[in-house]
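1. missing the sequence, but the structure's below:
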């Protein structure tokens with residue numbers, strides 16, 4: 001009765017039902033609310049770790065809980081593995097660290113957590129500089145920290161040391177040119193933009209001092225110097241004015257100022273322009289722009305940075321500067337007072353290394369050579385202007401900003417998911433969730449069981465995406481693929497789940513691992529940690545479908561042949577074997593359950609292969625037809641080959657598809673609930689375990705229906 005079935009459904013809350021709609025199976029997750037059914041979709045995104053679908057193609061769409069969580073069908077919510085979040089467990093969470101108050105926060109409360117796509121699209125001129133688009137599969141899945149100014153490290157827990165220009169090298173300030181010609185009766189204003197900030201409206205007749213004022217109100221320009229050539233002291237005039245803008249504190253080759261003009265004139269069109277990178281003013285050819293070459297190096301390359309305090313320990317003769325090479329209070333070691341022996345540098349700096357307690361030594365005793373600018377070229381494994389740091393292992397970055405070379409750049413210390421100890425040269429991988437491992441934190445670890453063993457040891461094997469690709473299956477048949485050119489091929493790991501040899505039954509006894517209490521099939525394990533089990537699959541008996549039939553044609557009068565299905569081969573089958581012998585050999589291989597074998601030649605002594613009866617009559621006519629009773633759907637084509645060599649002319653063997661299989665092959669036949677803790681089906685009323693042919697049997701599925709019980713069918717309205 002329908003009322004009884006509703007009561008049963010309400011008692012278990014959720015049912016996996018499948019509705020057959022124009023030949024397409026639509027998965028529905030439903031929960032009972034009073035007297036009605038409400039659909040709720042299980043979240044699904046790209047798989048984080050999975051098998052390749054083709055050459056360097058992986059990460060399937062619509063993977064339930066992104067393969068990094070398990071769905072609670074009671075609520076329709078994904079329960080994510082530690083380190084992953086989002087509605088579908090599709091996000092690799094940002095690391096957590098302690099802020100200045102010792103409180104653990106995302107990005108230590110000193111940075112912003114964002115996706116690779118967001119990091120590529122944003123520019124803050126602190127930790128994000130390029131603004132290049134990133135759109136690979138992980139653009140919205142891999143998250144990391146973009147640190148606030150003054151902080152660094154994968155979790156923004158480290159303090160940045162003051163940066164400045166090396167006082168020993170010769171660097172130039174960036175100079176940009178603003179030209180303006182505005183005929184008489186000029187009026188209006190203009191604005192200048194720099195690194196995402198824009199000035200207030202600047203009057204057309206602004207003086208050098210006023211223009212400096214407007215530019216220095218921007219936090220991105222810091223200190224500038226302005227000088228004007230031509231006109232009457234203002235930035236615009238009818239004869240053409242050249243304004244030189246010198247950036248006094250910013251380093252390197254800077255982006256061009258962006259002008260927006262609202263100037264007007266009653267006697268002609270005003271013209272405002274910016275010149276950079278060595279170009280000269282069209283009005284005053286001796287006025288040339290200059291490309292900036294000043295460095296912005298931690299401790300100005302003349303001191304040792306302590307990232308736990310953000311304080312520079314300056315080398316002998318170097319002190320804090322004012323940012324212009326003179327004595328000051330920046331704490332950047334950018335001032336050289338000539339107290340070094342000889343008043344000028346004659347050798348590379350001495351330093352006390354972080355990796356040893358020793359007296360200061362030239363290049364910390366690890367010099368390979370000394371550059372013309374008195375910077376140490378260190379022996380392998382050491383770095384720093386005075387070789388005072390030990391290098392940590394490097395790898396492709398898990399999270400970084402996209403550049404013209406793409407994301408996930410190689411050579412990132414601790415793969416940007418660990419903190420480098422420059423005193424020992426070792427990485428401390430992000431321990432927030434235990435997701436990363438390896439000397440360079442370069443691998444995503446597989447999930448651990450309660451004993452701390454990846455993939456449960458005997459339940460599965462932890463493999464990289466590259467190795468998982470070699471174990472790809474297509475329609476149950478091995479289909480090795482190549483996945484080795486993508487950034488994550490040797491970084492992301494997942495569990496390749498196995499089939500265990502035994503399991504404890506409900507009665508506490510050891511038994512073979514069947515899919516159901518009476519089934520004679522293995523129960524495969526599944527899930528990101530191989531702790532779940534797949535349930536038996538079969539055909540929905542209430543939907544139309546047909547079995548697959550394949551044909552084997554062989555022509556010989558001696559020898560034997562073998563058949564291969566899903567990478568398993570039969571024993572040798574004699575050329576003159578009867579149909580029953582062929583059936584027995586096929587059903588002996590583990591990838592096939594039951595088949596029917598028919599010969600088109602129905603005579604009592606028909607042989608498997610066509611045979612020469614005499615020279616006058618030629619070849620007899622027979623075709624082997626194999627109907628798959630337990631392997632459902634469009635199964636892969638069997639492969640046939642001669643095992644002992646045929647003799648004679650015109651002998652051959654091949655297989656073809658005679659009838660395509662269209663039966664479904666879905667868990668619990670779409671007529672039951674899968675208990676993944678045991679891999680067993682709980683069938684709806686009227687359904688029970690079958691023989692895969694619609695009769696009562698031992699497969700532990702829900703493929704047998706008692707016609708005396710009315711099935712509960714779901715309408716497609718609203719779907």
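-> Arrived safely. Quantities reported herein were computed from a predicted structural model and do not represent experimental measurements. Numbering: from 1, shown residues only.
2. Could you list the low-pLDDT ranges of this structure?
-> Within the chain, the segments meeting pLDDT under 70 span 1-44, 339-343, 405, 499-522, 612-620, 645-650, 709-719.
3. residues near the residue nearest to residue 678 when sequence neighbours are not counted, how many?
-> With sequence-adjacent residues excluded and distances taken as CB to CB, 6 or more residues apart in numbering, residue 678 is closest to residue 533, at 6.3 Å. All C-beta spots, glycine's among them, are computed from the backbone N, C-alpha and C. For residue 533, the number of neighbouring residues by other CB atoms under 10 Å comes to 24.
4. For residue 533, which residues are in contact?
-> Residue 533 makes contact with 523-526, 676-679 under the criterion CB atoms under 8 Å, 6 or more residues apart in numbering.
5. Out of these, give me the two with the largest separation.
-> Taking CB to CB as the measure, the contacts of residue 533 reach their widest spread between 524 and 677, a distance of 14.4 Å.
6. Could you check which of those two has the larger neighbour count?
-> residue 524 (16 against 9).
7. tally of neighbours for residue 475?
-> 12.
8. With residue 583 instead?
-> Using other CB under 10 Å as the criterion, the residues surrounding residue 583 number 18.
9. That one against residue 596, yeah?
-> Yes: taking contact to mean CB atoms under 8 Å, the distance of 7.4 Å between residue 583 and residue 596 places them in contact.
10. And for residue 129, the neighbour number?
-> Per other CB under 10 Å, the neighbour tally for residue 129 reads 14.
11. Give me the nearest residue to the residue nearest in space to the middle of the chain, chain neighbours excluded.
-> Computing the C-alpha centroid of the chain and ranking residues by CA atoms, centre = their mean puts residue 138 first, at 4.0 Å. When the adjacent residues along the chain are set aside, residue 138 lies closest to residue 116, with 6.0 Å between them (CB to CB, 6+ apart).
12. show me what contacts that neighbour?
-> Under the criterion of CB under 8 Å, 6+ apart, the contact list for residue 116 reads 134, 136, 138-144, 399, 402, 407.
13. Let's see if you can find the most crowded of those residues.
-> residue 144 (27 neighbours).
14. Who is the residue nearest to residue 678 paired with across the strands?
-> Applying DSSP bridges to residue 533 yields these beta-bridge partners: residue 525.
15. Sketch out the helices for the chain, chain order is fine.
-> In the chain, the segments counted as helices under DSSP state H are 2-12, 116-121, 208-216, 465-469, 579-588.
16. Turn those into a markdown table, including distance to residue 128.
-> Below are these laid out as a markdown table (distance: least, CB to CB, whole Å):
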| stretch | distance to residue 128 |
| --- | --- |
| helix 2-12 | 50 |
| helix 116-121 | 6 |
| helix 208-216 | 23 |
| helix 465-469 | 28 |
| helix 579-588 | 62 |
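17. of all these, which lies closest to residue 704?
-> For these, distance to residue 704 was read as CB to CB. The smallest value, 16.6 Å, belongs to helix 2-12.
18. and the gap between the closest residue to residue 484 other than its chain neighbours and residue 300?
-> In space, residue 484 comes closest to residue 466 once its chain neighbours are excluded; the distance is 5.2 Å by CB to CB, 6+ apart. From residue 466 across to residue 300, the span is 44 Å (CB to CB, to the nearest Å).
19. who has more neighbours, the two?
-> Using other CB under 10 Å, the more surrounded residue of residue 466 and residue 300 is residue 300, with 32 against 21.
20. My read is that the more buried one contacts residue 164, right?
-> Yes: using CB under 8 Å, residue 300 is in contact with residue 164, at 4.0 Å.
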